[in-house]
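Visitor: next come a sequence and a model predicted from it.
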Amino acid sequence: MYPPPPPAPHRDFISVTLSLGESYDNSKSRRRRSCWRKWKQLSRLQRNVILVLLGFLIICGFLSYLQAADQWKGLSGTPAEEQKMKPEVVPPVLPAPQKEGAKPEEFPAIVPQKQQRHFRRGPPHLQIRPPNTVSKEETQDDAKEKETALGDAQQEENTQRTIISWRGAVIEPEQATELPSKRAEASTKPPFLAPRMWKNPGPPNERQKGVIEAFLHAWKGYRKFAWGHDELKPVSKTFSEWFGLGLTLIDALDTMWILGLKKEFKEARNWVSEKLDFKKNVDVNLFESTIRILGGLLSTYHLSGDSLFLRKAEDFGKRLMPAFTTPSKIPYSDVNIGTGFAHSPQWTSDSTVAEVTSIQLEFRELSRLTGNKKFQEAVEKVTMHIHSLSGKKDGLVPMFINTNSGLFTHPGVFTLGARADSYYEYLLKQWIQGGKKETQLLEDYVKAIEGIKTHLLRHSQPGMLTFVGELAHGRFSAKMDHLVCFLPGTLALGVHHGLPADHMNLAQSLMETCYQMNRQMETGLSPEIAHFNMYPRADHKDVEVKPADRHNLLRPETVESLFYLYRVTRDRKYQDWGWEILQSFNKYTRVPSGGYSSINNVQNSQKPDPRDKMESFFLGETLKYLYLLFSDDMELLSLDTCVFNTEAHPLPIWAPA
Ligand code: DMJ
C-alpha cells in the first residue's frame, strides 16, 4: 500500500449548545416573569413593607403634582408648557400712553422688568444662551411685533385723518402718509385732539374776507421773493435770514389752515416735507424758535392731523434740548441745532426771564404727544425754580436770570414789556393748558396782577387812560411798550376761565388805552413804545412818542387783545377797532408788489417810511387774530378747548373744565 495516509490533524472543537426554540429573551414578559419569581421568593413581611412604601410614594407624587399645577395656573393662567415657551419679556422703551390731563407726577415711571431666571439644570455655562442667536431671534420677533403695531397705528391714524375735513372736503390720505418717530409711535399713539379743537367753520364774512385778501397779498410777496427763507424784504424784493429755517412759512402754516387757504397750505406743506431740514449748523434763539417753529408745527399737527408736523416738531424739540445743560438748569439763550452747542450771548451768561419762562406750553405739549417726558421735565424745572426764587416784588419778576447761579440779575427793574411780558402770560396759560390743576401757577399769576395794580398802574392826562408803566429801583417811568398790549387779552382770558371780575375791568381799561395808542397816531398804528402824560398841561396829549420809538413792526398785541375782549364781552366795538387797524395796515404798510412792511414813523401819514421787513408774526399772529376777531362763531378755536401760545399757535387744553 502506498504510504499510509497522514494522520488526521488534531482538531479542537468549541461546543456551542443551541437550544432550539428558546432564543435570548430580554423582553418585558421575561423581565416581568423574573421579577415575579423574585417577588415570590420574598417573605410576606418583606412584601408588605415594599407595598406600604410604594403606596406612600404614589400618594406623595400625586399631591405634589396637584400643588405645582395650581401655582402655574395662578401665575399665568396658561398651561405650564405654554409658559415655558414664552419669549423673555423686553423692558419697555417708553412709558405707557398717558391719560389726557395726567399730571407730570402721575406719569407712570419706566420700570425695567427683571430678567427672568432660567431654571434649567446643568453646569452654569449651559444656562447662558449664545447672545447672537438670542438677540437675532428676539430682534426678528420684536421687529415683527413692531411692524404689526405700526401697521395698526397707521391704519387707525388714517381712519382719523379721513374724518378731518377741510371745510367739508375730506383730506386725501396721501397728504399725510408720514409717521411720527417710530419710538413715539410704537409705544404710544399721539392723542389727536383736532376734532375737539377744530370744527369746520362757516364761510367767511366780509371782514374775514378782507383778512384773507391781506394774507394772500402778503403771501404773494413771500412766495415770489422769499420762498423758504425766514423773512420777506418786500421793498427790495428779497429776503433776510435769521435761522435759515423758513420761519415765515412755518409761522404761517396754521393761519393758512384757519383761513381756508388750501392751495397755499398744500404748497407750504410740501416745502416742509421736502426742504425743511433741521440738520443744520446754525444757532437759534431758544425762545423765538420754540414759540414760532415748535409752536407752529405742533398747532398745525393738531389742526391738520398730518403727522409730518409732529415728526418735525419732535426732531426740532430734541435739537433744542442741549440748551438746558447749564449748572442751574436755567437754559441758555442760544443753541446750535446741528452741533448741539448751547451758549449765552457773548457779552453775558444771563438769560431773559420771559424767554426761559415762555417755552413751557410747547415743550409740555411735545411731551404729551411723544410720550417723552424729558421735554416737560426740563421746562418745569425752570418754572419751579423761578416760583421759589427770591428777588420778586409782589409777584413781579426782574428781567434777567443767570444761567450759572440761577439767580435774578439786574434786580429792582420791573416791566410788563420786553423781557418779562410773556412770563405772566404763560403762568395763566399753563394753568389753563393743564386743566386748571396746577394751582401754584395760578397763585403766581394772581399775585403778579396784584403787583401790577400796586406798583405799575397809573392814569394819563387829560384822558385818564389807564396804563402800565415801569419801575426801576423805586422810580416810576410812564413808559409802555406796545408789547404790554397782550395784557388786556390775557386778563380777559383769565376772567373767561373764572378769575375775579375786577380783572375784566382792568382788561377793558387797558384795551381802551392800547386802542388809543393806535388811534392817536397819524397812521392809526401804534408806535413801538409810548410815553404817557401824567400831568395836566394844556398842550399835551395822553400819548407821546419819542423819535426813537416811532416805528411799527406789524406787531399783533393790540389785535390779539381785541380778539379776547370780543370773545368775552361780545361787544362789537372791539371788532370795529380791529377793522380800523386792518385798514391802517393796508394803507400805510402794504407794498404793491406783494407783502407788508414794518414802518419807521407812525406819526407821519405822508411818509411812514417802510423799513423793508415783514416779520413772520404778521402772518402767524396779527392776521390770524384779526380773522378770529371778525368771526362770530365762538366755537372757532374756542377758548374752552384751546390755548394760544405767545405766537398765536393754538394748542389743546388737556382736560377742559
Ligand atoms: C411775538 O414773537 C410774540 O408775540 C412774542 O411774545 C412777543 N413778540 C412778538 C410779537 O410782537
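Guide: Sure thing, it's come through.
Visitor: how many other residues sit next to the nearest residue to Leu499 once chain neighbours are set aside?
Guide: Nearest residue to Leu499, sequence neighbours excluded (CB to CB, 6 or more residues apart in numbering): Val446, at 7.1 Å. The C-beta positions use only the backbone N, C-alpha and C, and glycine is treated the same way. Using other CB atoms under 10 Å, Val446 is surrounded by 18 other residues.
Visitor: please apply the same query to Ile432.
Guide: By other CB under 10 Å, the residues close to Ile432 number 24.
Visitor: now do Ala538
Guide: 5.
Visitor: so what does it have for phi and psi?
Guide: Main-chain dihedrals, Ala538, degrees, to the nearest 10: phi -60, psi -40.
Visitor: could you check the distance from it over to Phe467?
Guide: Note on Ala538: its distance to Phe467, by CB to CB, to the nearest Å, is 21 Å.
Visitor: likewise Tyr596?
Guide: For Tyr596 relative to Phe467 (CB to CB), the value is 27 Å.
Visitor: just the CA trace of stretch 389-408, in CSV.
Guide: Taking C-alpha atoms only, stretch 389-408 is exported to CSV below (Å, rounded to 0.1, in the frame of the first residue of the first chain):
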residue,chain,number,x,y,z
LEU,A,389,-36.7,132.3,43.7
SER,A,390,-36.3,135.4,45.8
GLY,A,391,-36.0,138.9,44.3
LYS,A,392,-39.6,139.3,43.1
LYS,A,393,-41.7,142.3,44.1
ASP,A,394,-45.2,141.3,44.9
GLY,A,395,-45.2,138.7,42.1
LEU,A,396,-43.3,140.9,39.6
VAL,A,397,-40.1,139.4,38.2
PRO,A,398,-36.8,141.1,37.2
MET,A,399,-35.8,140.8,33.5
PHE,A,400,-32.7,138.7,33.7
ILE,A,401,-31.6,135.4,35.3
ASN,A,402,-28.1,133.9,35.4
THR,A,403,-27.6,130.5,33.9
ASN,A,404,-24.8,129.6,36.3
SER,A,405,-26.2,130.8,39.7
GLY,A,406,-29.8,130.6,38.8
LEU,A,407,-30.4,133.9,40.5
PHE,A,408,-32.1,137.0,39.1
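Visitor: contact partners of it?
Guide: Applying CB atoms under 8 Å, 6 or more residues apart in numbering, the set of residues contacting stretch 389-408 from outside is 326-332, 344, 348-354, 356, 385-386, 409-415, 419-420, 423, 444, 446-452, 454-456, 471.
Visitor: same thing with stretch 202-221?
Guide: Residues outside stretch 202-221 that contact it (CB under 8 Å, 6+ apart): 232, 234, 237, 252, 255-256, 259-261, 264, 575, 579, 582, 585-586, 590-591, 593-596, 614, 618-619, 623, 626-627, 630-633.
Visitor: just those: which are in strands?
Guide: Leu232 (DSSP state E).
Visitor: please check the contacts of stretch 202-221 and keep the buried ones.
Guide: Buried members of the contacts of stretch 202-221, scored by 16 or more other CB atoms under 10 Å, are 232, 234, 237, 252, 255-256, 259-261, 264, 575, 579, 582, 585, 590-591, 594-596, 614, 618-619, 623, 626-627, 630-631.
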